[in-house]
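Trainee: Please find the sequence and the predicted model below.
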Amino acid sequence: MTLLIPPHLRDPKIVQQNRLPTRSYTYDPSIFHSLNGEWSFKLYESPFLSPDLTKLDASSFIDWTSITVPGHWQLQGKGKYGHPQYTNVQYPFQVDIPNPPTLNPTGVYYRQLFIADVSRFQHRLRFEGVDNSYEVYLNQKYVGLSKGSRNGAEFDVQPFLVSGDNLLAIKVFQWSDSSYIEDQDEWWLSGIFRDVSLLTLPKQAHIENYKVVPKFDDVNYRNAKLLIDLDIVGSYDHVRFTLYDSEDPHRSVDAQTLLQEFDQPTTTSIKSVNITKAEAPKTIEIPVLEPKHWTAEDPYLYKYSLELVSNDGSTVVHSVHNHVGFRQVQLLDGNLKVNGKIIMLRGVNRHDHHPNYGRAVPLDFVARDLILMKSYNINAVRTSHYPDHPRVYDLFDRLGFWVIDEADLETHGVQEPYCRHKNIPFETALTKKPYYDANVRFLSSNPDYETAYLDRASQLVLRDINHPAIIIWSLGNEAGYGTNHKLMSELIRKLDPSRLLHYEGDFNATSTDVYSFMYPTLEMMEIWRKSHTDSSGKFEKPLILCEYCHAMGNGPGSLKEYQDLFYSQAFYQGGFIWEWANHGIEFKTVSKVDGKLHKAYGYGGDFNEEINDGVFVMDGLLNSQHNPTPGLVELKKAFEPVTINLTSSKVTITNRYDFSTTDHLDFLDSDGKLLNVPSLKPDETATLNATTDSVTAFLNKDYGVLKAGHEIAWGQVEPPLQVPDFPSKVIEKSSIEETSKFVIVTSNSINFKLNKLLGKLEQLTIGGKTISTKYNGSSITFWRPPTNNDDAKDGPYWKKYNIHLMKQNVREVTVESGTTDYLAKVVVKSRIGPPVFFYGFDATQEYLISPNRLTLHTVLKLTGAYDPKDIPRLGYEFLLGDNYDSYEWFGRGPGESYPDKKLSQKFGHFNSDDVEDFVYDYPQENGNHTDTHYLKIKYTDGSKLIVSEKNKTFNFKVSDEYGVEEAKHASDVKHDGMYLRLDHGIHGVGSEACGPPVFGPYRLTAQDFDFTFDIGFD
């Protein structure tokens, strides 16, 4: 009999062989010796065809190619080793639990390892992350096995090493039984993708493991103690514990400084205690008087050392340097509290991603991301959906973030067959529970997987336990709620009772400490709050949104509405935006415009994957290069830790920080003058008598990675409608010509030409400046390219009603000669509607023509039957002609804005030089400017076209983009003549790609309309 699938790859009870117990991670450059770099590599079609590594010597690898470690083999070799594959809710292979595919790509890595004298140290091999499972061989001997792609593993290699050259080989399997519990909405990428190190520990004795837990003595959180647990191997006399005074967490630092920080002391010692050999096996309590608290706002860290002193007391055999933050996490009075205070999580979900390296993310790239988060008012991170590289947590501690640390676990793929079979198109926060309950038997309540679930729980906690930033452990993501989760929660509470537990799949928080939802509506949240709050307003556990406001493409909308609800009730403690960054993989694609190769960022299907979930991997606040999108700019405004509201005579400032006063901020008015704002404690409000258009809160000194002058928050008085005073020219002699097809009005100043059959403005020329209708079936336009959020429901709904095919049937054109106020009046009466349907608009367009002005009054009456409930937009589009130069406007800017995504854009005067056109990785609707008072289109001769809407603000976009809807990548968008899109109304953007639809006030309802645009020429 031939076994084509190795037994250990289809037995979930086997999670490791010869792997050392997980221990608290501490990076020490004197002990960690990097094995990163170029390794020899060869890929085999399956484990069955891969070589027996106990029989290969150095000569066997001579003709192999090289590959970079850390890295993924699919992203190296120019396609030689396969391609990335993206899925979200489906497995990319046959679901045959616990069996992996027989065709299971197997990569063999090899390198030489030179050790001068193997007897000097105790040697270990450490792997921080290998996808999916792997075997380790040294000098043709089997060392061990590990599963769990994003968890670390250590192996004792001392028995296998020799002095001199050593042959190290790793066999990595793309799939195993553990692949079924690693379906985490990202690229399936294989190989050694995190650091590999050779550890050299002292032979005489070393600190194998340790735990340092802070605990305050009483409810005043004044004095504390450190609870220290030690696991020591070898012969020694005592352990010397030294605690050093805290460092200023707000001292000016940069990314490079952060990355070079290895917890060597820089301050004076404040406590030194010798722990005897007899005391070491017990929990040691060390009192600390009035320590400064660690919080995400003020991350005070105390460095410490644990020194293992030799038997004769003369030398330090081994030392460990780390840091501790004095903070205590509790569930008190129904709330998550830190140091006795309720906190508000203004968070994001963060996946590992780099556009070139996949999950093999350089640490400096992560540091750049975290600094960006701090600068955009983000204070919390959920490590979705697995533990990060262990060194990332040092950055969380030092920069100050509340962290939900999540186990390497998701089984979303077991749902997809069920949902297809039951014709369930979408999962929602309230409907998903029964679907998951029906399928937990496959994995989450499968006793064969119990060991794997518990292994991932223990790996999570034991590795990261000494980090103050971590306040909550998470049992994983979207895996139902089964018996294995209950066992995980019991194990974690035993390993670490000092933190809370989270798991969204535990809908009723049976095993966890917080209720957790994904993408609920505001109404659903309120229903849940009221049903879990008694008549006196008390509740047992708070609600945290582990995912909300899906940031896919042009979005998310309505961020402020969620934040306002969070602040309105103590039951809510914030949440985590999905997600931090797009996952696009850089590649070359042939442009549909010029047929040439262009750089683009790939998503599902771009690598010819048979099974994929398309563009859903592009759902971040950063683009694939990790540069901010307009959505992140909007988030910064919603997440402001200080709110500033203005009236014509008063400024009201509220401190939304949880611990900090406002002393680190200066408040400047619109003239740059400093306001006399009192020191505000958390939740305090001050109202000042002041007359100013705006107030901005800046840092008044360097604050960690943020520099003095960095803007934290702002408020502004919304200005009254402003329209330029634009007198009409004196009426001049004109002529009116009407043919069977055209109406032409001509004077010395103006030429107006209307196509009567089409209702189309063929030409409006004043002083050599020409505009004309950008026509596609109707002079009044209703369509815009869909956003990713539209594609979920609104876009298909609009297309079902053929709104993208609206046609104008002109019924009547009336021409009147001018009066003393205008040259001519042209009235066009039409029926505008789509093919197939009864519904449409009876339209009246009145063109009032003056020597330097066109007033366009539009009346639409919705008639017919079976009409849609809303439409994408409503307005006009005009080609701007060859003489176009630039534009300026008064309104919100300078970035794009939409009815539900506009609060980050200030009112002011802007011009096109201020606009940095944002190119979405996946082309879609973009670039709108809402709440515009007036717009000036400038021409090369210095003259201007001035646009306003009667009695209200309007929307506009100036662009040269064509074919956006058909484009798959930015290079597919055609750039041609500039045009102006002028809208009376536009639909919001929302976050319905995975979440609620656009909220009611921001939907453009199909109804009767009456609006007037004034287009003047200066």
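Mentor: Arrived safely, thanks for sending. Fair warning: this is a prediction, and the values are worked out from it, not measured in the lab. Numbers count the residues shown, from 1 in each chain.

Trainee: Next, the contact list for residue 740, please.
Mentor: Under the criterion of CB atoms under 8 Å, 6 or more residues apart in numbering, the neighbours of residue 740 are residue 756. Using the backbone N, CA and C atoms, a C-beta is placed for each residue, glycine as well.

Trainee: which SS class is residue 225?
Mentor: Put simply, residue 225 is strand when judged by DSSP: H, G, I helix; E, B strand; the rest coil.

Trainee: How many residues are close by residue 4?
Mentor: 11 (other CB atoms under 10 Å).

Trainee: now residue 888
Mentor: One way to gauge burial is a neighbour count; for residue 888, by other CB under 10 Å, it gives 17.

Trainee: Could you do residue 942 as well?
Mentor: A count of nearby residues for residue 942, using other CB under 10 Å, gives 8.

Trainee: Same question for residue 161.
Mentor: Under the neighbour criterion other CB under 10 Å, residue 161 is assigned a count of 19.

Trainee: Confirm for me that it is in contact with residue 141.
Mentor: No: checked against CB atoms under 8 Å, the pair residue 161 and residue 141 is beyond contact range at 10.2 Å.

Trainee: Now residue 166. Nearest residue, chain neighbours left out?
Mentor: residue 113 (4.2 Å; CB to CB, 6 or more residues apart in numbering).

Trainee: Surely that neighbour is within a strand?
Mentor: Yes: Residue 113: assigned to a strand according to three-state DSSP.

Trainee: where's it relative to residue 34, distance?
Mentor: 12 Å (CB to CB, to the nearest Å).

Trainee: cool, and residue 458?
Mentor: 27 Å.

Trainee: and residue 364, what element?
Mentor: Take DSSP states H and E as the rule and residue 364 turns out to sit in helix 363-375.

Trainee: From the rest of the structure, what touches that helix?
Mentor: Outside helix 363-375, the residues within contact range by CB under 8 Å, 6+ apart are 255-256, 258-259, 348, 350, 354, 381, 388-389, 391-392, 395-396, 399-401, 580-581, 622, 626, 628, 704-706, 710.

Trainee: Give the buried residues for it.
Mentor: Buried residues in helix 363-375, counting neighbours by 16 or more other CB atoms under 10 Å, are found at 363, 366, 367, 369, 370, 371, 372, 373, 374, 375.

Trainee: again with stretch 271-290
Mentor: Under the neighbour-count criterion of 16+ other CB under 10 Å, stretch 271-290 has 271, 273, 275, 280, 284, 286, 288 buried.

Trainee: ditto for stretch 89-106
Mentor: Of the residues in stretch 89-106, those scored as buried under the neighbour-count criterion (16+ other CB under 10 Å) are 89, 90, 91, 92, 93, 97, 98, 99, 100, 104, 105, 106.

Trainee: where exactly do the helices run in the stretch 601-750 of the chain?
Mentor: Taking DSSP state H, counting those that start in this stretch, the helices of the stretch 601-750 of the chain run over residues 630-638.

Trainee: Sorry, slip of the keys, the one I care about is the chain.
Mentor: With DSSP state H applied, the chain shows helices at 255-259, 363-375, 392-399, 415-421, 432-437, 450-464, 483-495, 522-531, 559-568, 630-638, 788-792, 794-800, listed in chain order.
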